[in-house]
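Asker: Based on what follows, work out the 3D shape:
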Amino acid sequence: MTATVRSATNLIRVDMLHLRYFVAVAEEGTFARAAQRLHMAASPLSQRIKYLENSLGTALFVRAHHHVDLTAAGHALLPQARDLVERFDAIPRLIELATADLSPTLDVGVASDVTSELRTRVHDEFARSHPELVVTFHPGATEPLLQSLQAGRLDAALLHGPIVARGIETVRLHTAVVKVAVGRGNGFDGRSSVRLDELAHLTFVSIEHDAAPAIYRGIDELLRRHGVHKRIILPDHNFGGLAHVVAGGRAFSLVGSPTGAMAKAFVGEPIDVLDVEGTRLRLPTLAAWRYDTDGAIPTGALADVFRTLARRTGRNTEPPV
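Answerer: Predicted coordinates for the structure are as follows:
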């Protein structure tokens with residue numbers, strides 16, 4: 001690229017590289033240091049400075065043995081040369097900003113057993129009320145998502161309750177009926193429901209309890225009250241592993257949503273999903289956000305969207321067990 005410099009008598013076209021070389025020598029004070037900064041040899045750098053001086057018709061440096069000083073012309077040129085080089089270097093960033101999608105992004109965590117229908121309703125409600133936002137969903141387990149929300153890495157999250165956390169506000173959006181998933185051949189074939197005490201001879205299998213500690217504590221207490229004491233805890237959050245254990249042995253698990261990740265993992269497996277008799281076992285889904293969020297939209301607007309959704313679903317008042 002060339003820049004146009006106006007002299008007393010004519011217009012001189014100066015290559016941008018020569019201005020960059022000039023600025024480097026002026027700032028470093030020696031050709032050796034400037035050449036090192038520019039990743040080139042000192043001799044060709046000196047030649048290019050001489051070319052620039054010849055083009056402008058005046059000396060820009062007073063050359064001493066170990067350093068160089070600016071002439072009056074050099075002092076006059078330096079601020080203009082710096083400005084031209086900086087503006088030239090800013091061009092790629094200007095193009096990037098001009099062509100980038102600058103729509104604000106709302107990052108929403110989604111726990112594993114959140115229904116696909118609820119996720120769609122959340123997306124559609126934000127699209128209706130805040131069309132300027134790009135809603136991005138981030139799947140995960142309840143507890144890690146809650147930690148990300150508290151740390152500010154998420155703007156909001158759809159989590160399985162109960163949730164009690166400092167600085168976090170919640171509203172219930174949905175309550176799913178929890179069912180039992182049991183492998184065929186365990187004595188329940190052809191049935192549509194089962195009592196928890198009938199499962200006492202089986203092993204309850206689950207993912208790591210750190211996925212949702214409060215939920216798994218409640219489940220563990222409930223199962224013990226009904227005589228279920230044997231446990232298998234898989235060493236990760238992989239629902240596919242649950243399906244293998246339930247389908248292949250004397251084990252059962254619990255399913256909180258017919259369209260959640262766990263239920264999908266059981267599709268095609270020799271597993272029956274049965275209602276639970278005599279116990280109101282529910283899995284609530286809560287919208288959660290920080291009191292002091294400074295994300296894509298203000299806290300109040302975020303809360304309004306979720307409370308509107310809660311009123312429309314009409315399910316947020318159903319008590320979990």
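
Asker: residues contacting the residue nearest to Gly260 when sequence neighbours are not counted?
Answerer: Excluding the flanking residues, the one nearest Gly260 by Cβ to Cβ, 6 or more residues apart in numbering is Asp113, at 3.4 Å. Placement of C-beta: from N, CA and C, glycine included. By Cβ atoms under 8 Å, 6 or more residues apart in numbering, the contact set of Asp113 is 160, 176, 255-257, 260-263, 283, 285.

Asker: What subset of those is buried?
Answerer: For those, a burial check counting by 16 or more other Cβ atoms under 10 Å picks out 160, 176, 255-257, 260-263, 283, 285.

Asker: Please state the offset of the lengthiest helix in the chain from the chain centre?
Answerer: Ranked by residue count and defined by DSSP state H, the top helix of the chain is helix 72-89. On the basis of Cα atoms, centre = their mean, to the nearest Å, helix 72-89 sits 42 Å off its chain's mean C-alpha point.

Asker: how far out from the middle of the chain is the helix or strand just after that helix?
Answerer: Next along the chain after helix 72-89, taking DSSP states H and E as the criterion, comes helix 91-99. Counting by Cα atoms, centre = their mean, helix 91-99 is centred 24 Å from the centre of its parent chain.

Asker: Send me helix 91-99 as CSV with only the CA atoms.
Answerer: This file holds the C-alpha atoms of helix 91-99, laid out as CSV (Å, rounded to 0.1, in the frame of the first residue of the first chain):
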residue,chain,number,x,y,z
ILE,A,91,-8.0,-2.2,8.7
PRO,A,92,-8.3,-6.0,9.3
ARG,A,93,-10.1,-5.4,12.6
LEU,A,94,-12.4,-2.9,11.0
ILE,A,95,-13.4,-5.4,8.4
GLU,A,96,-13.9,-8.1,11.0
LEU,A,97,-16.2,-5.9,13.0
ALA,A,98,-18.1,-4.8,9.9
THR,A,99,-18.8,-8.3,8.8
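
Asker: Provide the secondary structure category for the residue nearest to Gly260.
Answerer: Classification of Asp113 using DSSP: H, G, I helix; E, B strand; the rest coil returns coil.

Asker: Any stretches of the stretch 151-300 of the chain with poor pLDDT?
Answerer: Where the stretch 151-300 of the chain drops to pLDDT under 70, the residues are 259, 293-296.

Asker: And the helices in it, which stretches?
Answerer: With DSSP state H, counting those that start in this stretch, the ranges of helices along the stretch 151-300 of the chain come out as 213-225, 239-248, 261-266, 299-313.

Asker: Just put the ones you listed in CSV and tack on distance to Ser192.
Answerer: Output for the helices of the stretch 151-300 of the chain, formatted as CSV (distance: least, Cβ to Cβ, whole Å):
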stretch, distance to Ser192
helix 213-225, 21
helix 239-248, 18
helix 261-266, 16
helix 299-313, 26
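
Asker: Relative to Glu169, which of the ones you listed is closest?
Answerer: The closest of the helices of the stretch 151-300 of the chain to Glu169 is helix 299-313. By Cβ to Cβ, the value is 6.7 Å.

Asker: for that closest one, the distance to its chain's centre please.
Answerer: Taking the mean of its C-alpha atoms, helix 299-313 sits 22 Å from the chain's own mean (Cα atoms, centre = their mean).

Asker: other SSEs contacting that helix?
Answerer: In this structure, helix 299-313 packs against helix 116-129, strand 168-177, strand 282-290, with contacts taken as 3 or more Cβ pairs under 8 Å, 6 or more residues apart in numbering; DSSP states H and E.

Asker: could you dump the ones you listed to a markdown table with distance to Gly187?
Answerer: Shown next, in a markdown table, are these (distance: least, Cβ to Cβ, whole Å):
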| stretch | distance to Gly187 |
| --- | --- |
| helix 116-129 | 32 |
| strand 168-177 | 23 |
| strand 282-290 | 26 |
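
Asker: Quickly compare these and say which is most buried.
Answerer: Counting by mean count of other Cβ atoms under 10 Å, strand 282-290 has the highest mean neighbour count of these, with a mean of 23.

Asker: who does that one pair up with?
Answerer: Here strand 282-290 has these sheet partners by DSSP bridges: strand 156-160 (antiparallel), strand 168-177 (antiparallel).
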